[in-house]
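In: okay, sequence plus prediction incoming.
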Amino acid sequence: MTGTREATRPAEHRSAVRSLLRLWPYVRPVHRRLAAAALVTVAASCLSLVIPLALKWTVDGPIARREPSGVWLGGLMLLLVGSAEAGLFGLRRVLVARPLARVEADMRAALYAHLQRLPVSFHDRWPSGQLLSRGTTDLMLVRIFLAFPLTFLLVNGATIVVGFTILLMQEWRLGLVLLAPVVPLVALCWFFEERYARAARTAQDRIGDLTTVIEESVLGIRIVKGFGRHPALQRAFGTLAEGLRGIELHKAALLGALWALIMILPELAVGTALVLGTLQVADGQLSTGTLVAFLSTALALRWPVESIGFLLALTNETATAADRYFEVMDTAPPAAREPRIRRPRCAPCRGDGGLRLEGVEFRYPDAPPGTPPVLRGVDLHIRRGETMALVGTTGSGKTTLVSLIPRLHEATAGRITLDGTDVTAVPRSRLRQWVAVAFEEPTLFSASAGENVLMGADDAGEEDLDRALAVAQAGFVHDLPEGHRTQVGEQGLSLSGGQRQRLALARAVVGSPRFLVLDDPLSALDVHTEALVENALREVLADTTALVVAHRPSTVLLADRVALLSQGRITAVGTHYELLHGNREYASLMSGPKGTP
Ligand SMILES: Nc1ncnc2c1ncn2[C@@H]1O[C@H](COP(=O)(O)OP(=O)(O)OP(=O)(O)O)[C@@H](O)[C@H]1O
């Protein structure tokens, strides 16, 4: 269902640090807050190292001298240090919560805006679940990393350095014993990093695949139920989920092994230091207080050392999340082809009015190599104010051709002009104001019926809405419980197919566009409603240059002329009756299998 797509291709080799550094532009606005939080955390952690020193002072001083008042003072010191430590950790949370929510929101907004700019061909290639998981789970990982592992990697690193300095100053030989595991631990982390990164990448990609499957089965629930496909889908989903479970177990095994070794090596060192220290105390080379302080410091360093394992794991997962995020962000919207400077072949404007396609060629980017382009050498001129029907066998490239006009896809050769202006020379925002589209598959959004229609024009008001609903014969909207303010549900699924098509048509005509591109927009209507829509459309189309993909004679009759698309080229242009009598392929298309027009 999801297949091997460009989206799920893991990066060959990457550096976690380089991946994380790419987050800097988003973190920069809040870096002072994060730095303040890190400083507060360092202070809190260092305070925890003061506790063993207070213990040493109490053991070697008041306890050894049997002074109860001194013991109370030692207790008070410990209480104050502990309270200050707790207060500082609380302050850290306050400092990071708001700025990090900002970072996550900004990254998500940037991703969403970028997805809107990316061409349809990108969305054809990327499964929606992969994009969803990158905009949700991956960004959540980034926020958690900035809030917790990043600070604690720095803070625990600083605590370890300060702690070992104190240990070496107290008793350098015992300090070296505790430092001994550092070399094997570094080697271990290096070994672990690469393996864990690979597992983390696979797991995060699988989550994207699972999201795609869930989304597809929820959106296609009618087909799933209608064909009784739920057991098969359940099995397919189970296989994917089982695969993810296996990868998560592999990650847990890697993390478990690393954690065990990270815990055991320092414990062995502490045990050795305890034995050696006790011998030194027995020989009178070391005071009891110093040994207590030494061991308390060593124990206080347990958490910073032990936490390195899972902090590295979280860091790795975040680097993977950052990679996945930037894979989308790095996909540049295709640069608009420069319009070729050409002398118009006919008198300026007169011949160039309307919609003109010259030598247009198109090949889908993911088409198998060696296959011919879907469109090649397409020449077509629709005069200003004219309505042209586009007819062709199924799969001949009609939808592809009309999608080139509003630049949903970019023509790979040739040029398209609107009233003499090359479409590639017009900013997309203006192009979308000039050209309105409606497709056979009407797409509605989770909004009210009116909002769905008004999406077709920036400045349209209630009057335009009523006119557009009338043209599209979408009067049913007024009978909905809350009129045009009624919510139509996700993808408009609370409406019938014909109702959805009429709303999509109303959206196309609401802005009275100069150019209208309709891809078989009446296919779901009954004959009676289709005739009413056509009558109303005729009025709209009188002022508009329109290209209408048509399969049925009734839709073709809307048009002034008809163009026949065959084998990727326009092979005939004329009125419906001219082609019906003069072109066999057209006659056969319009008459159906029995050959009766
Ligand atoms: N995203 C895509 N990637 C690769 N090939 C595609 C893509 N979309 C369509 N095609 C191929 O392009 C060809 C033309 O498809 P298109 O949808 O334009 O045909 P059509 O004439 O509109 O068909 P119909 O009348 O059935 O709607 C088909 O062979 C189709 O398989």
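Out: Cool, the structure landed. Numbers count the residues shown, from 1 in each chain.

In: okay, and residue 103 sits in which element?
Out: For residue 103, the element it lies in under DSSP states H and E is helix 68-117.

In: does the following helix or strand past that helix come close to the ligand?
Out: Following helix 68-117 in sequence order, the next helix or strand is helix 120-125 (DSSP H and E). Yes: on the criterion C-beta under 6 Å from any ligand atom, helix 120-125 is in touch with the ligand at residue 124. C-beta coordinates here come from the backbone N, C-alpha and C atoms, glycine included.

In: tell me which residues in helix 120-125 are buried?
Out: The neighbour-count check on helix 120-125 (16 or more other C-beta atoms under 10 Å) flags residue 122 as buried.

In: packing partners for it?
Out: Packing partners of helix 120-125 (3 or more C-beta pairs under 8 Å, 6 or more residues apart in numbering; DSSP states H and E): none among the helices and strands.

In: and that helix, how far from the chain's centre?
Out: The chain centroid and the centroid of helix 120-125 are separated by 13 Å under C-alpha atoms, centre = their mean, to the nearest Å.

In: now stretch 106-118
Out: Centroid separation for stretch 106-118 versus its chain: 8 Å, with C-alpha atoms, centre = their mean.

In: same check on stretch 399-410?
Out: That offset, for stretch 399-410, works out to 24 Å (C-alpha atoms, centre = their mean).

In: mind checking the end-to-end distance for it?
Out: Using C-alpha to C-alpha, to the nearest Å, the end-to-end distance of stretch 399-410 comes to 13 Å.

In: ok, the spatially most central residue of the chain to the ligand distance?
Out: By C-alpha atoms, centre = their mean, the mean C-alpha position of the chain lies nearest to residue 131, the distance being 3.4 Å. With distances taken as C-beta to the nearest ligand atom, to the nearest Å, residue 131 is found 16 Å from the ligand.

In: same deal with residue 503?
Out: For residue 503, the distance to the ligand equals 21 Å [C-beta to the nearest ligand atom].

In: before we move on, what about residue 266?
Out: To the ligand, residue 266 is 57 Å away according to C-beta to the nearest ligand atom.

In: what is the neighbour count of the residue lying closest to that residue once chain neighbours are set aside?
Out: Of all residues not flanking residue 266 in the chain, residue 305 sits nearest, at 5.2 Å (C-beta to C-beta, 6 or more residues apart in numbering). Other residues lying near residue 305 total 23 when counted by other C-beta atoms under 10 Å.

In: rewinding a little: helix/strand/coil for the residue nearest to the centre of the chain?
Out: Put simply, residue 131 is helix when judged by DSSP: H, G, I helix; E, B strand; the rest coil.

In: for the ligand, what are the nearby residues on the chain?
Out: 124, 364, 366-367, 374, 392, 394-400.

In: out of those, list just those in helices.
Out: Assigned to helices by DSSP state H, the following of those qualify: 124, 398, 399, 400.

In: burial count for residue 227?
Out: Using other C-beta under 10 Å, residue 227 has 10 neighbouring residues.

In: ugh, wrong one, residue 388
Out: Counted with other C-beta under 10 Å, residue 388 comes out at 21.

In: per-domain residue ranges of the protein.
Out: Listed by automatic domain parsing, the domain ranges of the chain are 17-329, 355-591.

In: could these go into a markdown table alongside mean pLDDT?
Out: Shown next, in a markdown table, are the domains of the chain (pLDDT from 0 to 100):
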| stretch | mean pLDDT |
| --- | --- |
| domain 17-329 | 85 |
| domain 355-591 | 86 |
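
In: looking at those, which is buried most?
Out: Highest mean neighbour count among those (mean count of other C-beta atoms under 10 Å): domain 355-591, with a mean of 18.

In: pull the distance from it to the chain's centre.
Out: Distance of domain 355-591 from the chain centroid (C-alpha atoms, centre = their mean) equals 30 Å.

In: and that domain, how far apart are its ends?
Out: Length of domain 355-591, first residue to last, C-alpha to C-alpha: 29 Å.

In: how about stretch 518-533?
Out: By C-alpha to C-alpha, the extent of stretch 518-533 from end to end equals 13 Å.

In: strands of this structure, residue ranges please.
Out: Ranges of strands in the chain, per DSSP state E, are 355-362, 375-382, 387-392, 413-418, 421-422, 435-438, 515-519, 545-549, 561-566, 569-574.

In: what about the closest residue to residue 52 other than its chain neighbours, distance to residue 161?
Out: Closest residue in space to residue 52, ignoring its immediate chain neighbours: residue 296 at 3.3 Å, by C-beta to C-beta, 6+ apart. Computed as C-beta to C-beta, to the nearest Å, the residue 296 to residue 161 distance reads 18 Å.

In: same question, residue 199
Out: In this structure, residue 199 and residue 161 are 30 Å apart, going by C-beta to C-beta.

In: with residue 302 instead?
Out: Computed as C-beta to C-beta, the residue 302 to residue 161 distance reads 16 Å.

In: contacts for stretch 80-92?
Out: 37, 40, 41, 43, 44, 47, 48, 50, 51, 54, 151 (C-beta atoms under 8 Å, 6 or more residues apart in numbering).

In: return the subset of the residues you listed lying in helices.
Out: Those of the contacts of stretch 80-92 lying in helices (DSSP H): 37, 40, 41, 43, 44, 47, 48, 50, 51, 54, 151.

In: OK, contacts around the third one?
Out: I take that to be residue 41. Contact partners of residue 41, counting by C-beta under 8 Å, 6+ apart, are 88, 89, 92, 151, 152, 155.
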